[in-house]
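Trainee: Next input, structure requested:
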Amino acid sequence: MQQKQISLVIDGSGSAVFAGLLNEQDQWLAKIDRAGTPLEELFPAIQQVLHEADLSLAHIGNYIYCEGPGSVLGLRLCAMAIETWSRLYPGSPQFYKYNSLHLVAYSLLQAESELQRALIVADWKKGAWNALYIRNGEVGAAEVIDDAQLATWKGPLYHLPQRKGWQSPPAQANTIRYQPAQLSALRNHSSILNATSGVELYSNGINTFQKWTPERHRA
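Mentor: Residues are numbered from 1 along each chain as shown. Next up, the predicted model:
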C-alpha cells in the first residue's frame, strides 16, 4: 500500500475496540485497545487517538478497517462510522480492508518462520467455524468448515476467540490473542490490505434461514 496521508485504522471485530493512526512510513502515531463494545467505546477510542496525535478527522486520507470475520455488530458500527466520516470530510479518501484471520495467519508466520501448516478457526455458529488453512507456508482464503472437517485436522490448531462464543474452543487448540496493532509490522505482505471503493464487510457466502412457525398474534 502506498500511503500519502494519515491512515485511520479501526477494528471492532474482537473482544476489544482498536483504533490507531499510521503515518506515511506505517509508524503508529497513536493507538489504543479499549475493552468493551464498539457501541460504547468506538467513538471515545477515535477521540483519544486523534487527541494524542494532535490531529482531526480532516487529516485522514486513508481508512483501514477489518472486514471480519468477527462481531457482526462491531463490524457494522465501524463501517457506518467510516462511511459517515468520509462524507463529512470529503477529499477522495481511500479505503483498505483486511481479514482478521489473515492478520493472525501472517502474524504466526512472522513469529514462527518454520511454520508450514496450521489451521486457524473462529466461532461462526454452533457446529461451524470460520477457518483459514496455512499449507506449505502459504496462507489460504477464509472459508467455513464444520465439526467433522475440523476433527480430521491433525496439524497445529489455533483458536481466535470472538466477542460472543457459541461453543467451546476445539480441544488441543492454542488460543490466540488478537492484536490489530501488528498490522504495521506486516505492511510488507502485499496481500494483507486490499483497496475497496467503499466499506465492504466479510461474508462467508452461506445464508442461514430460521424456519417460520405460524402462530396467532397475542396481545
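Trainee: Not counting sequence-adjacent ones, nearest residue to F95?
Mentor: Residue nearest to F95 in three dimensions, not counting chain neighbours: T196, with 4.7 Å by CB to CB, 6 or more residues apart in numbering. All C-beta atoms are positioned from the backbone trio N, CA, C, and that covers glycine.
Trainee: my guess is E24 meets R187, correct?
Mentor: No. Contact criterion CB atoms under 8 Å: E24 and R187 do not qualify, at 11.4 Å.
Trainee: gap between the residue nearest to F95 and L109?
Mentor: 24 Å (CB to CB, to the nearest Å).
Trainee: neighbour count winner among those two?
Mentor: Set T196 next to L109 and count neighbours by other CB atoms under 10 Å: L109 wins out with 19 against 14.
Trainee: Would you agree the more buried one is in contact with G137?
Mentor: Yes. Using CB under 8 Å, L109 is in contact with G137, at 6.9 Å.
Trainee: Need the residues touching each of the two.
Mentor: L115 (CB atoms under 8 Å, 6 or more residues apart in numbering).
Trainee: and stretch 48-63, which residues are buried?
Mentor: Buried residues in stretch 48-63, defined by neighbour count with 16 or more other CB atoms under 10 Å: Q48, V49, L50, A53, L55, I60, G61, N62, Y63.
Trainee: OK, contacts around the first one?
Mentor: For Q48, the contact set (CB under 8 Å, 6+ apart) comprises A19, A30, I32.
Trainee: Looks to me like it is in a helix.
Mentor: Yes. Membership of Q48 in a helix is supported by DSSP: H, G, I helix; E, B strand; the rest coil.
Trainee: Look at it and report its pLDDT.
Mentor: With respect to pLDDT, Q48 scores 97.
Trainee: any idea how far E41 is from it?
Mentor: 10 Å.
Trainee: W124: neighbour count?
Mentor: Residues lying near W124 (other CB under 10 Å) number 20.
Trainee: mind checking which helix or strand it is in?
Mentor: strand 118-125 (DSSP states H and E).
Trainee: which outside residues touch whichever helix or strand comes after that strand?
Mentor: Using DSSP H and E, the helix or strand that follows strand 118-125 in sequence is strand 128-135. By CB under 8 Å, 6+ apart, the list of residues contacting strand 128-135 from outside reads 69, 101-102, 104-105, 108-109, 115-124, 139-147, 150, 204.
Trainee: Of those residues, grab the buried ones for PyMOL.
Mentor: Entered in PyMOL, the line below selects the buried ones among those, by 16+ other CB under 10 Å:
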select buried, resi 69+101+102+104+105+108+109+118+119+120+121+122+123+124+139+142+144+145+150
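Trainee: Sitting in helices, which of the contacts of strand 128-135 do you find?
Mentor: L101, H102, V104, A105, L108, L109, D147, L150 (DSSP state H).
Trainee: Among the residues you listed, which one sits closest to N174?
Mentor: N174 lies nearest to L108 out of the ones in helices among the contacts of strand 128-135, by CB to CB, at 9.7 Å.
Trainee: Now do the same for the closest residue to that closest one other than its chain neighbours: its pLDDT.
Mentor: Excluding its sequence neighbours, the residue lying closest to L108 (CB to CB, 6+ apart) is L115, at 6.0 Å. pLDDT for L115: 95.
Trainee: Now for the residue nearest to R76 when sequence neighbours are not counted: which residues touch it?
Mentor: Using CB to CB, 6+ apart and skipping the chain neighbours, the partner closest in space to R76 is L201 (7.1 Å). Applying CB under 8 Å, 6+ apart to L201 gives the contacts E67, G68, L75, R76, A79.
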